[in-house]
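Visitor: heads up, no residue letters with this:
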């Protein structure tokens, strides 16, 4: 039988073991608790973002490197935010803005697809309370602008251009063999006009590709294959309301001439040397009956100069005279004698414009001189566009120090002038 001292030793020993077990358990328990507390907490839902007027959030979309879901323009900024991205795309007149980077486009390109919002959980560098997409994911926002369209038909004075479909194209085997430079990027209107006006043509086929290229040809190349129209949904750089093919994809148009020639309204499509004068249809009581017009430079970039027609009396011009050849107007520079500047297609609501570029733009054919039977005998001929002479006005340009510019078919709600301040004019060609 153990002694009392032995019992005490056994009890003490048991107590020590019990205390040791409890201490180890408590220590392990605290480690398990600490481990559980180290688990990442769920990402809180971002607060509702107040967007610029007219813009709405569409959700999270997949993105690929080629093609980009929004790929017309990509802007990278070290402090990107939703506001900065939308402002960039809005200023460039795109329908959509997207964040993974700063993506703009007017169409959601395939194979982009809507996914769960939780896949766009990357915080914006410029504002940690906002999300800027995720790996291969885009937060997309919509401006509400109309979606771009494929131009199906384009009527001109001599016939109709019809959309024939979307075709493959490669540098090694061109679908249309003759390329034409369109300063600022091609549109269906400018490309078909250039193919018609080319000294190497006129061509019966025209095509727009890669958002800004213009191609012409007599027939499709042997390697051309027609593909689905969705492959040509690249938004035109120069006009975001229409599509201009895509990378290695060309939207082809064919020309069908009119059954009957257009009614002859023009005296001549060619005039050797002239200046322009605007005669007011309703002159102000104490104002002049007419004003001289001049060609003014409004934009210069690398190898490109854009000009318009203006009545600015104190503005300098290096193009004192013009000529017209085959319905294309050419301003002549007294500074750069070798410069070739030619007329572009006037757009309703805008000033008739000209461009000098390298290589040279062949010009848009639609101008001519017309003799109006209501004018007194011996009066100068009138300038006509598309056979029409009564579509011009002088408007005060509020964005250019109240400069008075010539405008073709002025329209309401224009950002640079008020329709109420436009005065209708006849534009006369002075050849003496």
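Guide: Yep, that arrived. The structure presented is a predicted model; accordingly, all values stated were derived computationally and were not measured. Numbering: from 1, shown residues only.
Visitor: Mind telling me what element residue 84 is part of?
Guide: If you go by DSSP states H and E, residue 84 is part of helix 82-91.
Visitor: what comes up buried for that helix?
Guide: 82, 83, 84, 85, 86, 88, 89, 90 (16 or more other C-beta atoms under 10 Å). Heads up, the C-betas are built off the backbone N, CA and C, glycines and all.
Visitor: Excluding residues flanking it in the chain, which one is nearest the second one?
Guide: Nearest residue to residue 83 in three dimensions, chain neighbours excluded: residue 52, at 7.3 Å (C-beta to C-beta, 6 or more residues apart in numbering).
Visitor: Checking my notes, residue 331 in a strand, right?
Guide: Yes - Residue 331 forms part of a strand when assessed by DSSP: H, G, I helix; E, B strand; the rest coil.
Visitor: what about residue 286, how many residues close to it?
Guide: The number of residues packed around residue 286, counting by other C-beta atoms under 10 Å, is 5.
Visitor: What separation is there between it and residue 425?
Guide: For residue 286, the distance to residue 425 under the criterion C-beta to C-beta, to the nearest Å works out to 18 Å.
Visitor: for residue 111, same thing?
Guide: The spacing between residue 111 and residue 425, counted by C-beta to C-beta, is 53 Å.
Visitor: Who are the contact partners of the residue positioned nearest the centre of the chain?
Guide: By C-alpha atoms, centre = their mean, the mean C-alpha position of the chain lies nearest to residue 237, the distance being 3.8 Å. Counting by C-beta atoms under 8 Å, 6 or more residues apart in numbering, residue 237 makes contact with 72, 184, 185, 211, 212, 244.
Visitor: my read: the last one touches residue 188, true?
Guide: Yes - counting by C-beta atoms under 8 Å, residue 244 does reach residue 188; the two are 7.4 Å apart.
Visitor: From residue 92, how far out is the residue lying closest to residue 103 once chain neighbours are set aside?
Guide: If you skip the residues right next to it in sequence, residue 103 has residue 70 as its closest partner in space, 3.7 Å away by C-beta to C-beta, 6+ apart. Noted for residue 70: a distance of 12 Å to residue 92, by C-beta to C-beta.
Visitor: which one of those two has more residues nearby?
Guide: residue 70 (29 against 15).
Visitor: Could you measure from that one over to residue 142?
Guide: Counting by C-beta to C-beta, the gap between residue 70 and residue 142 amounts to 11 Å.
Visitor: Can you check which residues contact both of these two?
Guide: Going by C-beta under 8 Å, 6+ apart, residues that sit against residue 70 and also against residue 142 are residue 96.
Visitor: ok, residue 385 touching residue 409?
Guide: No - when contacts are counted by C-beta under 8 Å, residue 385 is not listed as touching residue 409 (9.3 Å).
Visitor: what about those two, which has more around it?
Guide: The neighbour count for residue 385 versus residue 409, taken as other C-beta under 10 Å, is higher for residue 385 (21 against 15).
Visitor: who's in contact with that one?
Guide: Residue 385 touches 346, 352, 366, 367, 391, 408, counting by C-beta under 8 Å, 6+ apart.
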